[in-house]
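Engineer: For reference, the sequence and a predicted model appear below.
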Amino acid sequence: MGIKVLQPGMLATIQDLGRYGLQKFGVIVGGAMDAMSLRIANLLVENSEGEGALEVTLYGTTLLFESDELIAITGGNLQPTIDGKNAPMWRPLFIRKGSILKFNAAISGSRAYVSFSGGIQVPNVMGSKSTYIRAGIGGFQGRKLQKNDVFECGKRTTLGEELFNQLSKDSAYLSWSVDYTHFVTFEKTQTIRIIQGSEYEHFDEGRLKKFFSTPYTITTHADRMGYRLEGETISLKEKFELLSEGVTFGTIQVPSSGQPIILMADRQTTGGYPKIGQVISADLPSLAQMQANGRINFKEVTLEEAQWAVIHREKKLKELAFGLRLKRK
């Protein structure tokens, strides 16, 4: 008894907050593209913030519940339905045995997250449940979900069991939803804040002005590994030798084509292209929710501003966690 995959959709994988401490061995961090939506989904069902959840991309994923479950759906609006009726997002949901959850098509954003109270029962591989498809590790047998796969949910926490019981008796027990606007946005055109990259000073000053004054379009070559952008060409003042260096989520590299690439959750551990900038952590969830043909305007901020943005976001998340507990009393 568990959750059966009737249709896998475009891409559905199990993700958590990633696999840390192993990049020196060539093992990527990976994890959820939109970590904030995953964390909030887990808070809503009384899981730890970093518990594994289902990351659904764009459309089509359809699940059959073979047992009663407590879930939450966050992230992009992929028009989720339960037995054909619109499913509320950003709040806990009691799902009865035999129900079918379907994601139809993206209205806003590109990735939805489904948390299951008690988590998803898959092995921890090197400290994480995250799926890394290219290496075939983590998640469900190291791969994306396929038709007729069945995965089990873990044991609910005490608070999770209490919420499960309350909602099973009265589905209207909780009728509110989380105001996600403090954590992630889903606009098709976004201003993404960056700090200077390690090779910033090597880029032509005129090209740098263009980089910050004109929008870039996300091409169809965009996936969990990286977003290729199209816009004003960026060039160096002069060519120079560059050794491969460590890169991270949000690193913006400029290859010889002059068209920037933003590295995403499944990026490689090192890169040899010049780095013009680094997307600040607070803006990564919104960036991760952008679709192909979305337009990005880059804005430079200081390291201090980037740090305060993260502090503010984490403060809001703590306030949310505290508020959720109060609402359930």
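Structural biologist: Now that the structure is in, tell me what you want to look at. Residues are numbered from 1 along each chain as shown.
Engineer: Just the strands from the stretch 201-329 of the chain, written as ranges.
Structural biologist: 216-222, 226-230, 245-246, 251-253, 261-263, 270-271, 275-279, 295-300 (DSSP state E, counting those that start in this stretch).
Engineer: Columns mean neighbour count, mean pLDDT and distance to residue 307 on top of those, output as JSON lines?
Structural biologist: Just so you know, the C-beta spots here come from the backbone N, C-alpha and C atoms, and that holds for glycine as well. Output for the strands of the stretch 201-329 of the chain, formatted as JSON lines (neighbours: other Cβ atoms under 10 Å; pLDDT from 0 to 100; distance: least, Cβ to Cβ, whole Å):
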{"stretch": "strand 216-222", "mean neighbour count": "16", "mean pLDDT": "97", "distance to residue 307": "25"}
{"stretch": "strand 226-230", "mean neighbour count": "20", "mean pLDDT": "98", "distance to residue 307": "24"}
{"stretch": "strand 245-246", "mean neighbour count": "12", "mean pLDDT": "86", "distance to residue 307": "20"}
{"stretch": "strand 251-253", "mean neighbour count": "24", "mean pLDDT": "97", "distance to residue 307": "18"}
{"stretch": "strand 261-263", "mean neighbour count": "23", "mean pLDDT": "98", "distance to residue 307": "20"}
{"stretch": "strand 270-271", "mean neighbour count": "16", "mean pLDDT": "88", "distance to residue 307": "24"}
{"stretch": "strand 275-279", "mean neighbour count": "24", "mean pLDDT": "97", "distance to residue 307": "13"}
{"stretch": "strand 295-300", "mean neighbour count": "16", "mean pLDDT": "98", "distance to residue 307": "15"}
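Engineer: Relative to residue 136, which of the ones you listed is closest?
Structural biologist: strand 226-230 (19.8 Å; Cβ to Cβ).
Engineer: what ranges do the helices span in this protein?
Structural biologist: Per DSSP state H, the chain carries helices over the ranges 35-44, 158-169, 205-213, 284-288, 303-327.
Engineer: quick one: residue 295 and residue 215 touch, right?
Structural biologist: Yes - counting by Cβ atoms under 8 Å, residue 295 touches residue 215, with 4.5 Å between them.
Engineer: any common contacting residues for those two?
Structural biologist: Counting by Cβ atoms under 8 Å, 6 or more residues apart in numbering, the contacts common to residue 295 and residue 215 are residue 189.
Engineer: ok so, going back, can I get the helices of the chain in JSON lines with mean pLDDT?
Structural biologist: Listed next are these as JSON lines, based on pLDDT from 0 to 100:
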{"stretch": "helix 35-44", "mean pLDDT": "98"}
{"stretch": "helix 158-169", "mean pLDDT": "93"}
{"stretch": "helix 205-213", "mean pLDDT": "95"}
{"stretch": "helix 284-288", "mean pLDDT": "98"}
{"stretch": "helix 303-327", "mean pLDDT": "93"}
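Engineer: Residue 234 is nearest to which of those?
Structural biologist: helix 205-213 (5.0 Å).
Engineer: And the contacts of the closest one?
Structural biologist: 200, 203, 232-235, 260, 276, 298-300.
Engineer: re earlier: output the strands of the stretch 201-329 of the chain in CSV; the columns should cover distance to residue 16.
Structural biologist: Shown next, in CSV, are the strands of the stretch 201-329 of the chain (distance: least, Cβ to Cβ, whole Å):
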stretch, distance to residue 16
strand 216-222, 22
strand 226-230, 21
strand 245-246, 22
strand 251-253, 22
strand 261-263, 20
strand 270-271, 23
strand 275-279, 21
strand 295-300, 27
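Engineer: ok, how many other residues are close to residue 45?
Structural biologist: Neighbour count for residue 45, taken as other Cβ atoms under 10 Å: 26.
Engineer: OK, contacts around it?
Structural biologist: 70-72, 92, 115-117, 160, 163.
Engineer: Please report how far it lies from residue 323.
Structural biologist: 15 Å (Cβ to Cβ, to the nearest Å).
Engineer: Which one of the contacts of residue 45 is nearest to residue 183?
Structural biologist: residue 72 (14.1 Å).
Engineer: Look up how far residue 78 lies from the nearest residue to the closest one once chain neighbours are set aside.
Structural biologist: Sequence neighbours aside, residue 44 is the residue nearest to residue 72 in space, at 3.7 Å (criterion: Cβ to Cβ, 6 or more residues apart in numbering). Noted for residue 44: a distance of 17 Å to residue 78, by Cβ to Cβ.
Engineer: Okay, now the unreliable bits of this structure?
Structural biologist: 172, 329 (pLDDT under 70).
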